[in-house]
Structure formats: C-alpha cells, structure tokens
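Visitor: this is a predicted model, with the sequence first.
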Amino acid sequence: MEYEPVIGLEIHAQLTTASKIFCGCSTTFGGSPNTHTCPVCIGMPGVLPVLNRQVVEYTIRMALATRCSIAPLSRFARKNYFYPDLPKGYQISQYELPLARNGWVEIDSEQGPKRIRIHRIHMEEDAGKLIHDEHQPVSFVDLNRTGVPLIEIVSEPDIASSEEAAVYLRTLREVLRYLEICDGNMEEGSLRCDANISLRPVGTNGLGTKTELKNMNSFKNVQKALDFEIRRQKVVIERGESVIQETRLWDAGRNVTISMRGKEEAHDYRYFPDPDLIPVVVSPEWIEEVRGGLPELPEAKRERFLSEYGLPAYDAKVLTSSKPLANYFEEALKKFRQPKTVSNWIMSELMRELNRDNREIEECPVSPGNLGELLGLLDSGVISGKIAKAVFEEMYTTSKSARQIVDEKGLVQVRDESAIESAIDQVLAENTREVEQFRSGKDKLFGFFVGQVMKKTKGKANPQIVNDILRKKLGG
C-alpha cells in the first residue's frame, strides 16, 4: 500500500521589539546570562505584567499579510507545565481566544500554486534557555529569553511533502522579514519550527496518528527530519505496528529523530484565562491604521517586477526573496535603466561574491549606484565586458566607484581602428602557420586570433571592432 504524509507546521517567530512582551527588559540577543531580566519576567511574587502594545500591532501586521480574520477581542491564558527554564511554572500564551484565525498563503508546489491555510496566529512569551555543561552532568539556566515576545503561526495539515514544508516556511519567513517584525534567523532561534506529521493511505481523507518533531534549526533540517519521519512511520505501519503519538527530537548529527516524550494534549496544560491581564481589544480603526502602514509584500512585488520591468519569473523570484535585495535592484535601476542587465549582474557577479563571503546584501561593498555606473560604462563602450568584470572585482574589494578604478588604471576601451588594426597585423605576422591553417578551413582558430589581439591590447580593444577587422584580413 502507498502512503502519503499529512503535515502541519507550528512556527514561532520572535518579534523585533526593543523590549519584552510584559516588561521593559531588553530583547537583544547575546547578553551575558541573566542580565536582561527583572522581577516580572522571572516571576517574582506580587508583580504584574503589562502588555507591550507594539507586540499586538506586529501581530496584526502578520495577520493582515496572511489574510487572517482579526478578533475584536482576544484573551491571554496560562499554559501550565514544569520545566527548569520556565520560572513562573506557566507560560503566558493565547488559547481559546487567539488574536487571528483562518488565513492562508500561497506557495509554489510541484503541481503549481497551492494554498496553505493558517489555522491561527497568537501571541505568547518565550521561555528561557538551558545551557548544558560539556564536562559534568549539570545544566545552567539563562532567563534572558524569558518573556521575549513571540507569535505562533499554526497551519492546517495542508502540507503534503517535506519540500512543500520548506517552501511554506521560506514563504512565511519572507513575509515576516518584509514586515520587519522578525529577523528570521533560525540559527539564533528567532524563527523556530515544529512539525506535526502523520501518514495515511493514498486517496483517503482520514488522519493517522501524528508525531511532533522539534529541534529543527534550518530549512535543510526541516526537510531531512520530515523525510526521516516519513520513512520511519512507513516502516512501523508496514510491520503491522501502531505509530505512537509522541514528541520526537531531530538529531542533526546522526540524521535521525529520537523519542522525547509522549505528546501532550491541550488538557494536559490546564489552560485558563490569565487573571493578571485584561482582554485585548482591537478596534476596526486600529486595524485600518496598521493596514495603511503595510509595505509592498513579496507576492505583490514579484508581480510588479514582472509587469513593470519585464523580468522573467525566475529573476523576479530571486530579486524579491528579500526586501533589501529588491531595494538594491531598484536603486541600481535609477542609475542604469536596463532591468534584465542589472538583474543578470546581481544574480551572477554580485550574489557569487556575497555567497562566498557569507554576506547579506546590506553588507555589500558595491553600492547600487556604483553597480549602475559600471554597467553604464560597459553599455556605452567605454570598457569591455572582460574589463567590466575585473573592475567589478576591484569595486567589491575596495568599495571604489567604477569610474575611479577605470581612470586610475587606464582601462578605457580602445576604439581607434588604426591602433587595433596595427595590433592585428602584429598578431597575424607572428602566427603565419595558424593563418594558413585558418584559411585552409580550420575556422575554430578565429577565437585564437581574437584572444591574441586582446592579449596584445591588454584587454582594452573593442571586441566588435577586433572581430570585424580580423574577418576582413583573414578572408582576404
């Protein structure tokens, strides 16, 4: 029997507010342990939480961007469980009355565009972090992260493969980053993903027993963990055994999932409304105010790049994969108005250098204006294509402008036909045997002559003029 996976993702996104959700402590990553804490976030008796208004606004932004319905009234609840990194003995989250429900995003699947429904988006506080000693069997607790604001985005079980799961996760990350409410850094834990997965016979509509997967800190690990779990559950079913409902951890070193504990149900957490927090009331006016401040989102920007600039779909997808990259492209266009040429240089020369150095576009030493200037020099024939690439490499290394490098090194392209003809005559005189071979039918030698002329002119000769004069002389 053939089986198909049924997958739903729970994505926790850390919001980029300066302070925590219920107190004024800093959310900055990387502080010394237990320095970004106060009586509120570490749960001292007698203190009261106060909701950060910006957390609500950021959640509304995400809800609108994912077409969710926003509740006029939502409520915080206490999620009760014990763990050493949870100082209060409960986590403040939302349960029965979340802020947003029933949205969707569209992803590209193998079958074409596919809609993944979003069940809910709610606000909650983060827990702390355990630091395990490598040399002795003890652990330390760092509560800096306690109270950091999160939104949890819970999908419906609409995802049918590990590839779709990764695309959906990337799509949401793009939206979060465009909205500038989460930096999307999975390695630092500001974007975390849990997956619920079960198998069912192909062609049926029921749901099998699901397992929950945790500890996946990259897109690649999400795919690997899901693929492993699909294989594992299939083996269990084919043996005639039952899949156990449990939480499993992904071990990236061994590329396996490991049983962690039995899967909790909602009643295990004994949710009840938090008595210290009043309900959250969101007025229609507030929603419209937030809607008016939304940026152009990835999907809309892609469509505009296709229609306004005539780019291929692939180019538009790459260039809009991040807001800063899209901005870089449009800034470069202000200097050089040939969209496809600018796109080609960004996706080939520029992205190659950035990927090699593990840099983001915001750290690029070549400004968009300088790239546009370089392409203008190339297009006007001031420099050749080969020289343009050499100039670009120096621009990337030194942050100098293209014109400055060209002037300093005397790289202006030679267009003087008499000077080029003189160089060609020298090349032909030095390679009489190759000239005879070419004239006897070895046409491939033409490239050899072009190369020799370019070498003699130090790459400065205009290639078109070189080709025209060479053909006349060799054909004579």
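Guide: Great, that's in hand. Values in this document were obtained by computation on a predicted structure and should not be read as measured data.

Visitor: what residues does stretch 278-296 touch?
Guide: 51, 56-57, 60-61, 64-65, 70-76, 97, 99, 178-180, 304, 323 (Cβ atoms under 8 Å, 6 or more residues apart in numbering). No exception for glycine: its C-beta is placed from N, CA and C like everyone else's.

Visitor: what about it, distance to the chain center?
Guide: Taking Cα atoms, centre = their mean, to the nearest Å, the mean C-alpha location of stretch 278-296 is offset from the chain mean by 26 Å.

Visitor: buried among the contacts of stretch 278-296? Make that a ChimeraX selection.
Guide: Buried subset of those, written as a ChimeraX selection, criterion 16 or more other Cβ atoms under 10 Å:
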select :51,56,57,60,61,64,65,70,71,74,75,76,97,99,178,179,323
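
Visitor: sort out for me which of the contacts of stretch 278-296 are in strands.
Guide: With DSSP state E as the criterion, strands contain I70, L73, S74, F76 from among the contacts of stretch 278-296.

Visitor: can those residues go into JSON lines with extra columns for distance to T398?
Guide: Written out in JSON lines, the entries for the ones in strands among the contacts of stretch 278-296 read as follows (distance: Cβ to Cβ, whole Å):
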{"residue": "I70", "distance to T398": "50"}
{"residue": "L73", "distance to T398": "58"}
{"residue": "S74", "distance to T398": "54"}
{"residue": "F76", "distance to T398": "54"}
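
Visitor: E373 and K334 touch, don't they?
Guide: No - proximity of E373 to K334 does not meet the contact threshold set by Cβ atoms under 8 Å, at 11.0 Å.

Visitor: can you pull out the low-pLDDT segments for this structure?
Guide: Applying pLDDT under 70 to the predicted model, the residue ranges of the chain that meet it are 413-416, 476.

Visitor: I'd like the next helix or strand past the strand ranked longest in it.
Guide: Using DSSP E to assign secondary structure, the strand with the most residues in the chain is strand 112-125. Beyond strand 112-125 on the C-terminal side, the first helix or strand identified by DSSP states H and E is strand 129-132.

Visitor: now the longest strand of the chain: how far from the chain's centre is it?
Guide: If you compare the mean C-alpha spot of strand 112-125 with that of the full chain, they lie 17 Å apart, counting by Cα atoms, centre = their mean.

Visitor: same question for stretch 464-476.
Guide: Taking Cα atoms, centre = their mean, one finds the center of stretch 464-476 at 49 Å from the center of the full chain.

Visitor: now stretch 169-179
Guide: On the basis of Cα atoms, centre = their mean, the separation between the geometric centre of stretch 169-179 and that of its chain is 7 Å.

Visitor: same deal with stretch 29-38?
Guide: Relative to the mean C-alpha coordinate of its chain, stretch 29-38 is positioned 27 Å out (Cα atoms, centre = their mean).

Visitor: over to stretch 17-30?
Guide: Averaging C-alpha positions (Cα atoms, centre = their mean) puts stretch 17-30 24 Å from its chain's average.

Visitor: ok so Q91 is a helix residue?
Guide: No - remark: Q91 does not belong to a helix; assigned using DSSP: H, G, I helix; E, B strand; the rest coil, it is strand.

Visitor: which residues in the stretch 101-250 of the chain form helices?
Guide: In the stretch 101-250 of the chain, the segments counted as helices under DSSP state H, counting those that start in this stretch are 162-179, 219-238.

Visitor: out of the ones you listed, deepest packed?
Guide: Stretch with highest mean neighbour count among the helices of the stretch 101-250 of the chain: helix 162-179 (a mean of 22; mean count of other Cβ atoms under 10 Å).

Visitor: and that helix, what does it pack against?
Guide: For helix 162-179, the elements it packs on are strand 3-14, helix 53-65, strand 100-109, strand 112-125, strand 191-201, helix 219-238, helix 298-309, judged by 3 or more Cβ pairs under 8 Å, 6 or more residues apart in numbering; DSSP states H and E.

Visitor: just want the angle from that helix to helix 53-65.
Guide: Computed by axes from the mean of the first three to the mean of the last three Cα atoms, to 10 degrees, the angle separating helix 162-179 from helix 53-65 equals 130 degrees.

Visitor: and helix 162-179, how far out from the chain middle?
Guide: Per Cα atoms, centre = their mean, the displacement of helix 162-179 from the mean C-alpha position of its chain is 7 Å.

Visitor: what of stretch 352-369?
Guide: Remark: stretch 352-369 is offset 15 Å from the chain centroid, using Cα atoms, centre = their mean.

Visitor: got the end-to-end distance for that stretch?
Guide: The first residue of stretch 352-369 is 19 Å away from its last residue (Cα to Cα, to the nearest Å).

Visitor: may I see the buried residues of it?
Guide: Within stretch 352-369, the residues scored as buried using 16+ other Cβ under 10 Å are E353, L354, I361, C364, V366, S367, P368.

Visitor: give me the contacts around it.
Guide: The list of residues contacting stretch 352-369 from outside it, by Cβ under 8 Å, 6+ apart, reads 322, 324-325, 328-329, 331-332, 334-335, 350, 392-393, 395-399.

Visitor: give the buried subset of these as a ChimeraX selection command.
Guide: Command for ChimeraX that selects the buried part of the contacts of stretch 352-369, burial taken from 16+ other Cβ under 10 Å:
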select :322,325,328,329,332,335,350,392,395,396
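
Visitor: return the subset of the contacts of stretch 352-369 lying in helices.
Guide: Helix and strand membership here follows DSSP state H; of the contacts of stretch 352-369, those in helices are 324-325, 328-329, 331-332, 334-335, 392-393, 395-398.

Visitor: closest to G240 out of these?
Guide: Set against G240, the nearest of these by Cβ to Cβ is L325 (51.5 Å).
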